[in-house]
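Novice: mind looking at a prediction? Sequence and model below.
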Amino acid sequence: MKKIKSRTKKILVLSVMIVLLVTTGVLNFVLNDKITSATDKVNQGDNTVTQTFFVAARSERDTTRESEFLYLDAIMKSENSSANAKTEAEKQKMLIVKRMEKELALETAIKGKGFEDAIVTIGDGGINVVVGKADLSITESNQIKSIVVTEMSCKPGEVKVIPYN
């Protein structure tokens with residue numbers, strides 16, 4: 001009877017070893033597949049990060065503009081505001097609207113030239129263009145500046161082209 005117990009123990013140990021071996025093989029296959037999938041996502045991640053940057057930048061710009069509009073509307077509706085302040089607030093609001101239209105037109109024109117994405121910000125100190133391309137050649141930078149200078153009737157020195165990497 002002791003031989004059966006010893007033999008049963010050996011079979012049991014061997015069975016457990018086989019189950020562990022099969023489990024290890026299955027886990028290796030599953031985890032390897034997940035790692036490969038994650039690596040593919042990371043390789044595609046550069047594009048996702050770029051898109052996220054441009055979406056976030058546009059959202060932040062829109063939020064800032066909305067706050068500016070609320071502030072200017074409050075000035076225009078306030079009984080305590082002078083007529084001059086109301087007129088100036090209205091002018092500022094129209095300036096912002098014109099800038100928004102120009103920014104959108106410039107972004108569309110730059111994308112139309114084959115660039116992945118672009119965000120344009122027009123300010124009193126100049127025009128900034130962030131382009132969704134890490135390595136921007138001098139020719140490409142000049143092409144973007146040319147679009148902006150033509151559309152805005154400004155000097156090339158007022159335009160700053162920034163590659164996003």
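Specialist: That came through fine.
Novice: every contact and neighbour count from this point should use C-alpha atoms.
Specialist: Will do.
Novice: in the helix or strand containing residue 147, what counts as buried?
Specialist: Per DSSP states H and E: residue 147 is located in helix 138-152. By 16 or more other C-alpha atoms under 10 Å, the buried positions in helix 138-152 come out as 141, 144, 145, 146, 147, 148, 149, 152.
Novice: out of everything not next to it in sequence, what's closest to residue 136?
Specialist: Excluding the flanking residues, the one nearest residue 136 by C-alpha to C-alpha, 6 or more residues apart in numbering is residue 163, at 6.1 Å.
Novice: again, but for residue 109
Specialist: Sequence neighbours aside, residue 147 is the residue nearest to residue 109 in space, at 7.4 Å (criterion: C-alpha to C-alpha, 6+ apart).
Novice: ok, now which ones touch residue 119?
Specialist: Listed by C-alpha atoms under 8 Å, 6 or more residues apart in numbering, the contact set of residue 119 reads 54, 57, 58, 103, 107, 129, 130, 131.
Novice: next secondary structure after the lowest-mean-pLDDT helix or strand in the chain?
Specialist: Of all the helices and strands that make up the chain, helix 2-77 has the lowest average by mean pLDDT, DSSP states H and E, namely a mean of 73. Next along the chain after helix 2-77, taking DSSP H and E as the criterion, comes helix 83-112.
Novice: can you pull the buried residues of that following helix?
Specialist: Neighbour count says helix 83-112 has 86, 89-90, 93, 96, 99-100, 102-103, 106-111 buried, by 16+ other C-alpha under 10 Å.
Novice: the next helix or strand after that helix pairs with which strands?
Specialist: Counting by DSSP H and E, the element after helix 83-112 in chain order, helix or strand, is strand 118-123. Sheet pairing of strand 118-123 (DSSP bridges) gives strand 126-131 (antiparallel).
Novice: how about the partner strand as PDB, C-alpha atoms only?
Specialist: This file holds the C-alpha atoms of strand 126-131, laid out as PDB (Å, rounded to 0.1, in the frame of the first residue of the first chain):
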ATOM      1  CA  GLY A 126       2.800  88.800 -33.600                       C
ATOM      2  CA  ILE A 127       1.500  85.500 -35.000                       C
ATOM      3  CA  ASN A 128       2.500  82.100 -33.600                       C
ATOM      4  CA  VAL A 129       2.100  79.000 -35.700                       C
ATOM      5  CA  VAL A 130       2.600  75.600 -34.100                       C
ATOM      6  CA  VAL A 131       2.800  72.900 -36.700                       C
END
